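**Student:** Below is the sequence, then the predicted model.
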Amino acid sequence: MSLEGLLYPDNGHRTDRLNTLINDTSLFYNESSRYFEEIQQKVTKASTLIQGLYAKLSLPPPPMSSIQLTVQTGGVGEDTKFAMKGVASLITAIGVGKFVSAQLERAAISYLVATGRIGIAAFAQVVGLPTWMRVVCFTGAGGASIVLSLVLTAVIDSIDGAVCRSNLRNSINIQVPARASIYKANRLNAKLFEDLSNYVAVLKSMKQNGCTEEQLENAQNNFAQRVKKHAKQLDNDDQGTINNLKILDQDRASWTNEDPTVAVPIVVYQDTSNTNMQAVQNVGDDVVPIVVADNAAEKKDHAKIKKILLSLGYTADQLEKKEK
């Protein structure tokens, strides 16, 4: 073993730990991108169903809204604008509340870089990645992926073992909270996707069973309340986020001796200097859906859906007849 190895034996552990953290973050960014695409799917589907239900009741079409996202990269003409459009009640529920908009914005940025809508440099700037991290995007059989990797010369290729140790420690101190932030955003988006999936199932059942105007309004209010409740619960469950990551590290026997304590509350995303996201209502606008394939294998929790429908005024007899 070299003298540097004898003096700084844990530098190898530190390098492995930093690479593990970076790999986790890559995985979470890709999950974030997929969540955004899946949420778009459900927003489009739910909006179409709501419009159809209003039409079936011979009621005026519901107003439309959009969530506007602008990524500012600093260069003239380089700003990227992105909109998620849908029925106003739906967009308001998922895009205006402070608990929901931040994680949706974080997911949108991952989606934009994974699909080539913004460049790698812009992604690194907007998300705030450290200069020693390399970002690569590639497209494989499973779609576009974001890959983060360590630029070795910037962090660990130092002749001086003490300098190398310092660089690695500083990098770990940056990456641990960064990993927690994107993981928390994914937990929030996973719950939003679940709520949207249940909402779509409820709307499909209402289309099949028929509904009154009151039941349709109650369904929309019910969804908004569920999203707000669940998002607030998860936003306040930072300890759950920390514990989940701790279990992940324990299961693979990760070296965590020098991991910093993750500060709470864990901030999902707040770089308002580089991004701007707001919900705006465009009454009378036509829906311009993002065309994505509907998931034919969508899993439904029938007991949960039935409970929601019963709370909206349907009778058990009505639902049983339709099930037969």
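**Tutor:** Arrived safely.
**Student:** so how far is Tyr8 from Val163?
**Tutor:** As judged by C-beta to C-beta, to the nearest Å, Val163 and Tyr8 stand 10 Å apart. Quick note: C-beta positions are derived from backbone N, CA and C, even for glycine.
**Student:** what are the ranges of the strands in the stretch 201-324 of the chain?
**Tutor:** Taking DSSP state E, counting those that start in this stretch as the test, the strands found in the stretch 201-324 of the chain are 275-282.
**Student:** So which of Val163 and Tyr8 has more stuff around it?
**Tutor:** Tyr8 (18 against 13; other C-beta atoms under 10 Å).
**Student:** List phi and psi for Ala263.
**Tutor:** Here is the backbone geometry of Ala263 (degrees, to the nearest 10): phi -70, psi 140.
**Student:** any idea how far Leu27 is from the nearest residue to it once chain neighbours are set aside?
**Tutor:** Leaving out its chain neighbours, the residue that sits closest to Ala263 by C-beta to C-beta, 6 or more residues apart in numbering is Pro177, at 6.6 Å. Counting by C-beta to C-beta, the gap from Pro177 to Leu27 is 17 Å.
**Student:** ok, those two, which is more surrounded?
**Tutor:** Higher neighbour count among Pro177 and Leu27: Leu27, with 18 against 15, using other C-beta under 10 Å.
**Student:** what's the helix or strand for the more buried one?
**Tutor:** helix 11-56 (DSSP states H and E).
**Student:** got any ranges where the stretch 151-300 of the chain has weak pLDDT?
**Tutor:** Where the stretch 151-300 of the chain drops to pLDDT under 70, the residues are 151-160, 269-300.
**Student:** As a check, name the ranges of all helices in it.
**Tutor:** 152-155, 161-209, 213-235, 238-251 (DSSP state H, counting those that start in this stretch).
**Student:** would TSV of the ones you listed with distance to Ile109 be doable?
**Tutor:** Shown next, in TSV, are the helices of the stretch 151-300 of the chain (distance: least, C-beta to C-beta, whole Å):
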stretch	distance to Ile109
helix 152-155	23
helix 161-209	10
helix 213-235	19
helix 238-251	20
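**Student:** of all the ones you listed, which lies closest to Ala83?
**Tutor:** Comparing the helices of the stretch 151-300 of the chain against Ala83 with C-beta to C-beta, the closest turns out to be helix 161-209 (17.6 Å).
**Student:** sec struct for Ser65, please.
**Tutor:** strand (DSSP: H, G, I helix; E, B strand; the rest coil).
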